[in-house]
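**Q** below are the sequence and a predicted model; questions follow.
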Amino acid sequence: MKFPYQRVLVLGNGGAGKSTFARAMGERFSLPVVHLDRIWWLPGWVNRSREEFDALLARELDTPAWVMDGNYERTLSWRLCYAEAAVFLDLSAEECLKSVRARAEEYRGRTRPDMTEGCEERLDDEFKTWIETYADETRGKVLRAVQASGVPLFVFPSRGEAWAWLESFEAQ
């Protein structure tokens, strides 16, 4: 079956595998990939102003096709107005923390591919706490927003299920 979507949001906790999944989806279906972290962060982990971020995001949203990964709850309802589907990687905090620790080790002293150059990989207490509290503080709000938008939502409690779904469509 042909993949029916041209604009897809990939959502979920930090370390759930959003960027990896978005890259794979982009490659499989010839869709450009937009990493929100690259738009938000400047080198040295300095964030852009909201106005600059919103202007850059607007430019991306106006393009005809994309896979966009990242949470950025403040802009979720806006992004949902453009999205044709949303994928939610619903992994446990423990699995996400394990992945983030492995990622921090793999990219120690370097910038990972989905991040702005000059933002060397790090794992600080604030990020760990955000991951640990995601299920209680953020998950429900994100899922409710997507459901209220009417955008088709695909929730996967494991990476294996998400990848099986992705591979059920013909590559383009």
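**A** The structure has been received and is ready for your questions.
**Q** can you dump the C-alpha atoms of stretch 165-172 in CSV for me?
**A** This file holds the C-alpha atoms of stretch 165-172, laid out as CSV (Å, rounded to 0.1, in the frame of the first residue of the first chain):
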residue,chain,number,x,y,z
TRP,A,165,3.7,0.1,10.6
LEU,A,166,6.2,2.1,8.7
GLU,A,167,7.4,-0.9,6.7
SER,A,168,3.8,-1.9,5.9
PHE,A,169,3.8,0.8,3.2
GLU,A,170,5.6,0.7,-0.1
ALA,A,171,8.9,2.5,-0.2
GLN,A,172,8.9,5.4,-2.7
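**Q** what does it rub up against?
**A** 1-3, 21, 24-25, 28-30, 154, 156 (Cβ atoms under 8 Å, 6 or more residues apart in numbering). All C-beta atoms are positioned from the backbone trio N, CA, C, and that covers glycine.
**Q** need the worst-confidence member of the residues you listed.
**A** When those are compared by pLDDT, residue 1 scores lowest at 91.
**Q** quick one on the thing from earlier: ok, which pair from the contacts of stretch 165-172 is furthest apart?
**A** Maximum pairwise distance in the contacts of stretch 165-172, criterion Cβ to Cβ, is 22.2 Å, between 30 and 156.
**Q** strands of the protein, start to end?
**A** Under the criterion DSSP state E, strands of the chain are mapped to 7-12, 33-35, 41-42, 46-47, 66-69, 85-89, 153-156.
**Q** will you turn those into TSV that also has mean neighbour count and distance to residue 98?
**A** Converted to TSV, these look like this (neighbours: other Cβ atoms under 10 Å; distance: least, Cβ to Cβ, whole Å):
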stretch	mean neighbour count	distance to residue 98
strand 7-12	26	15
strand 33-35	22	22
strand 41-42	18	24
strand 46-47	10	27
strand 66-69	26	19
strand 85-89	23	14
strand 153-156	18	17
